[in-house]
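> Any chance you can model this:
(2 chains)
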There are 2 protein chains.
Amino acid sequence: MRIALSQLNLHIGNFEGNLDKMLAAVASAKSEKADLICFPELAVCGYPPRDFLEFDDFIKRCQNAIDTLCKASQDIAIVVGAPTRNPILAGKDLYNSAYFLYQGKIQAIQHKALLPTYDIFDEYRYFEPATEFKTVSFKGKKIALSICEDIWNLGNENPLYTICPLDEMMQENPDFILNISASPFNYAHAKTRIHTVRANVKQYKIPMFYTNMVGGQTDVIFDGGSLVVSPDGQVFDEMPYFEECLRVYDLAEVEKGGIQREQPKEKFRLIHDALVLGIRDYFSKLGFQKGILGLSGGIDSAVTAVLATEALGAENVRALLMPSQFSSDHSVNDAKILAENLGIQYDIIAIKPVFDAFESSLAPQFNGLAFNVTEENIQARVRGTLLMAMSNKFGHILLNTTNKSEMAVGYGTLYGDMCGGLAVLGDVYKTEVYELVKYMNTLPIGKHQMIGVIPENSISKPPSAELRPGQKDTDSLPPYEVLDPLLFQYIECRKGPGELIAQGFDEVLVKRVLRMVNINEFKREQAAPVIRISAKAFGMGRRLPIVGKYLS
Amino acid sequence: MRIALSQLNLHIGNFEGNLDKMLAAVASAKSEKADLICFPELAVCGYPPRDFLEFDDFIKRCQNAIDTLCKASQDIAIVVGAPTRNPILAGKDLYNSAYFLYQGKIQAIQHKALLPTYDIFDEYRYFEPATEFKTVSFKGKKIALSICEDIWNLGNENPLYTICPLDEMMQENPDFILNISASPFNYAHAKTRIHTVRANVKQYKIPMFYTNMVGGQTDVIFDGGSLVVSPDGQVFDEMPYFEECLRVYDLAEVEKGGIQREQPKEKFRLIHDALVLGIRDYFSKLGFQKGILGLSGGIDSAVTAVLATEALGAENVRALLMPSQFSSDHSVNDAKILAENLGIQYDIIAIKPVFDAFESSLAPQFNGLAFNVTEENIQARVRGTLLMAMSNKFGHILLNTTNKSEMAVGYGTLYGDMCGGLAVLGDVYKTEVYELVKYMNTLPIGKHQMIGVIPENSISKPPSAELRPGQKDTDSLPPYEVLDPLLFQYIECRKGPGELIAQGFDEVLVKRVLRMVNINEFKREQAAPVIRISAKAFGMGRRLPIVGKYLS
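Got it, this is the predicted structure:
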């Protein structure tokens, strides 16, 4: 038996586009004599469809897509994810299902039992969990059909769940396991995924074919990395990350095993590739080609510009250099050098004239009050307005350059440097930005395919917003080497003040930083969506009350 | 037996403040010889605590609050909501529980079974559903203790759920039902709530005491309206909406029944009161006194200014009038009249000088390109920046004046008129704003306690953004009397294009409007939080993908 896995970059709600991709994959798989082809979870509508699932019309279109795929299943079995209506008026309206199509008919539907409802996931908002588990018979083989999270409670060891779907299916002695997934990327996830798939295979001693989705859906990135694991627990194949792929496997060979093939998993290579894909897909899925951003001469905007250039092409990226009266000469120079290294178009617009116009207009009200954070914010908002004006006039999407450390402590101006359609680095801590630069400076990038594209000066100088004379980030923030590990423990690991102090963090610092994080929830509420690369990013995956008075 | 219901305005994560309020209520109830006092769902930590529940430290503080309440329960039983740890490592970590405290001990804990996971609710993200149901014995009576949603599957008629907790408890023949709730307001909810409580009472033929939370938590408003229903199905008492209240009831009298007492439920009075409370609590819970907003002379900003004045006092509201070169004289006059009617401070700052400075700065790039939406947006962003500058300098929160119709179709400028900490009218359709004005103009408002505070001119003139010569909303939008019913059917009722056309809406209009709604998800993602007054508001209760390509 020959089994095809198709990891596709699907588009939420783009039924025609998704169908076209699947039908093309079916044709390819047939030409390679596959008996069966697997597509990812909820492939017909893309993942996560969120509240579109509450629209009857949306579910009908999903069913229409299944009908079309049925017709294409005359000579090849198709396994594909789609929502199914719950026929019983008790419990949620829908199931999250794997369809098994063959000979023009729906041969079987297996619903998902373990519904992730944490972090970015809201599956229990829409779906009723499965309670029945049956294998599917096909060409003399019995197949255990499973959906994503269903393989993540092996031995009932996951505290979130109370049943293990594959344990149920094993009573029928299946020959192999299929899993269709939409399992989002974070930089540590590929290892965990392989570990989990292998652990299932070792437990049940039959092969597993695991198909994952690929592509960016605004904030959430799917990395592919579909897996075939032999009964001996070896990884027979791992598909590439961050790109579409179709491969056909011979079941007998997979059963033989003895092969171990994995993709490289270095953290900053993964983060880099995820961010490039995230930018590219955000633009293409919204129908935009061109991006714009502000280049300050600092490291964050430099990294964002490079990533944008890789994602969109140098010809599609434009930069504004917007020095203030407090900007150092080298800032403008560093930004210029980067733009020239990349071969992107740039303009220089000094912000002082507009800033002065604001100060004059507000003079009667401000009436001699001292320069303070208000004026810093005005400057940041002049920049935001200039960038948005360019973006409106010429059809760009503005890329936001805020990093995760700044976003965490509210070190940024709402409607100023927090403007943008997509926050490229919003899940990358400042100290990680430096690591990312080291990796990126080894790649040939931009129009001139240059190595070391980011100027040394942007890397080595102390971070500054340059909004008042001699300003440095460390005037108001702890050094990032101190701040970032604390933020990581609070945000990713959800440690409270007692635990942080026990870990050795200074008590005064802990209180100060946690307060900064919590009182700035109102800013993050209005922030651009953040490309998620960690296990806990700002956005849908982290939901906190704005008026909460806890550690604040 | 004397039973006290205490509907309190609690503050998420403010453990000390919440405890103080509850201890004061306990003292009052004791002085009125109550045997038992009931507080709302999750009263110790406030509702909704969201991901604070993922912090061990937060749960510990909840437990500490329960310990303190225990000590206060020597001579009076206390029923109060708090999270409980799930001792079993299978399923979610927590339960959403009702504690029954008496004589210094936890006498019983009943967990919640029906966990709302729709609209703004995410309870299954945190909580494991209860599977055991036992009544509590107290002073010779058996009490059926229930939590909010647990009474919302009477007769298993709610399609969302598969069990009915009170059915289970009735096997023990309880004498009365207690329900502790955190049931959010919408303008139609009070009727539904009464209907549901009465239906339960009619089914089980025993009284119900229902305590609800009150207060604004950013977007979500709790309206109180706690209920006592006699076995004959009559409403023995309904507490006031939108304010704290403590009342003590004699069980024997409630059992006698024959009394029907309800609060008035006119739609626009409810909406008005909810918005005033929403503003007041947003400010007080964040520790702010003063609000600022832009007054355009139009209806939306007028209504917002009036609501702000009612919520914060005329002395705490400041307005900016920011005419553009396209503003009509009467706009400034209408705004001035309103400010004077209210007795609030106002300043006039023309935006042309700053706008001109932007145009000069961008002249090399724009190079003679025609005035278009870019320039309209620049003007809106100049206003946003002026308002934010005043807010930063003087410690105001900026109130946003966008209405639901505009927010739906993206008729507004991101970082311009979409600026603000709280969108007061973001859940009120334009046609509803006019109805709201009719009601508000019957109330004595502002420093001068004036009736008819909103000038007739602001009400009668055609809506316009005044960002280009002679601009009217209807240049780019259908008339609001046509648009709003369509939006209501799409947003509140989740009707798809087929259903809308079948309802009689014009096909071209349906496609155009649905597309406008869907392609503007990116703007709403960065919008200010919206005070929720309907069953489907923009924000946490409506979750849609930005890059989705569905009806767009």
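
> mind checking the end-to-end distance for stretch A:462-477?
13 Å (C-alpha to C-alpha, to the nearest Å).

> right, is that stretch up against chain B?
No - Stretch A:462-477 lies out of reach of chain B by C-beta under 8 Å from any C-beta of the partner chain, never closer than 12.6 Å. Heads up, the C-betas are built off the backbone N, CA and C, glycines and all.

> what comes up buried for that stretch?
Within stretch A:462-477, the residues that count as buried by 16 or more other C-beta atoms under 10 Å in any protein chain shown are A:463-468, A:473, A:477.

> Stretch A:128-137 too?
Of the residues in stretch A:128-137, A:128-130, A:133, A:135-136 count as buried by neighbour count, 16+ other C-beta under 10 Å.

> Sort out for me which of those are in helices.
In helices, defined here by DSSP state H, there are no members of those.

> Out of these, flag the one nearest to B:E499.
A:E128 (23.6 Å; C-beta to C-beta).

> Where does the stretch 351-500 of chain A get nearest to chain B, residue-wise?
Proximity of the stretch 351-500 of chain A to chain B (C-beta to the nearest C-beta) peaks at A:G496, 2.6 Å away.

> so who does that residue touch?
For A:G496, the contacting residues are A:551, B:55-58, B:60, by C-beta atoms under 8 Å, 6 or more residues apart in numbering or on different chains.

> following the helix or strand of chain A with the lowest mean pLDDT, which helix or strand comes up?
Ranked by mean pLDDT, DSSP states H and E, the weakest helix or strand in chain A is helix A:473-476, scoring a mean of 90. Following helix A:473-476 in sequence order, the next helix or strand is helix A:480-491 (DSSP states H and E).

> buried set for that next one?
Those would be A:480, A:482-491, for helix A:480-491 by 16+ other C-beta under 10 Å.

> Would you convert those into TSV that also reports pLDDT?
Below are these laid out as TSV (pLDDT from 0 to 100):
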residue	pLDDT
A:Y480	97
A:V482	96
A:L483	98
A:D484	98
A:P485	98
A:L486	98
A:L487	98
A:F488	98
A:Q489	98
A:Y490	98
A:I491	98
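
> Now A:Q107: closest residue in space that isn't a chain neighbour?
Nearest non-adjacent residue to A:Q107, counting by C-beta to C-beta, 6 or more residues apart in numbering or on different chains: A:F100, 4.8 Å away.

> That neighbour sits in which helix or strand?
Counting by DSSP H and E, A:F100 is found in strand A:94-102.

> neighbouring contacts of the very next helix or strand once past that strand?
Along the chain past strand A:94-102, the next helix or strand (assigned with DSSP H and E) turns out to be strand A:105-111. Contact with strand A:105-111 is made by A:66, A:70, A:73, A:77, A:84, A:95-101, A:128-130, A:132-134, A:136, A:138, A:145-147, as judged by C-beta under 8 Å, 6+ apart.

> which residue ranges form the strands in the stretch 301-450 of chain A?
Ranges of strands within the stretch 301-450 of chain A are A:317-321, A:345-348, A:396-400, A:422-423, based on DSSP state E, counting those that start in this stretch.

> okay, these, which one's buried deepest?
Sort these by mean neighbour count, taking mean count of other C-beta atoms under 10 Å in any protein chain shown, and strand A:422-423 sits at the top with a mean of 27.

> Adding distance to chain B and mean pLDDT, write the strands of the stretch 301-450 of chain A out as JSON lines.
JSON lines is the format used below for the strands of the stretch 301-450 of chain A (distance: least, C-beta to the nearest C-beta, whole Å; pLDDT from 0 to 100):
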{"stretch": "strand A:317-321", "distance to chain B": "9", "mean pLDDT": "98"}
{"stretch": "strand A:345-348", "distance to chain B": "6", "mean pLDDT": "98"}
{"stretch": "strand A:396-400", "distance to chain B": "9", "mean pLDDT": "98"}
{"stretch": "strand A:422-423", "distance to chain B": "9", "mean pLDDT": "98"}
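
> Now render these as CSV, adding distance to A:V530.
Output for the strands of the stretch 301-450 of chain A, formatted as CSV (distance: least, C-beta to C-beta, whole Å):
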stretch, distance to A:V530
strand A:317-321, 20
strand A:345-348, 25
strand A:396-400, 9
strand A:422-423, 4
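
> quick revisit: which of the buried residues of stretch A:128-137 sits closest to B:D237?
Nearest to B:D237 out of the buried residues of stretch A:128-137 is A:E128 (C-beta to C-beta; 38.4 Å).

> For the closest one, give me its contacts.
A:E128 neighbours (C-beta under 8 Å, 6+ apart): A:86, A:91-95, A:111.

> go again using 10 Å as the cut-off
Neighbouring residues of A:E128 by C-beta atoms under 10 Å, 6 or more residues apart in numbering or on different chains: A:84, A:86, A:88, A:90-96, A:111-113, A:115, B:160, B:162.

> Mark which of those are buried, thanks.
Among the contacts of A:E128, those buried by neighbour count (16+ other C-beta under 10 Å) are A:84, A:86, A:91-96, A:111-113, A:115, B:160.

> which SSE is the residue lying closest to A:S6 once chain neighbours are set aside in?
Nearest residue to A:S6 in three dimensions, chain neighbours excluded: A:A25, at 4.1 Å (C-beta to C-beta, 6+ apart). Using DSSP H and E, A:A25 sits within helix A:15-31.

> for the following helix or strand past that helix, packing partners?
As assigned by DSSP H and E, the chain's next helix or strand after helix A:15-31 is strand A:36-38. Applying 3 or more C-beta pairs under 10 Å, 6 or more residues apart in numbering or on different chains; DSSP states H and E, one finds that strand A:36-38 contacts strand A:2-7, helix A:15-31, strand A:77-85, strand A:94-102, strand A:141-147, strand A:176-180, strand A:208-211, strand A:245-250.
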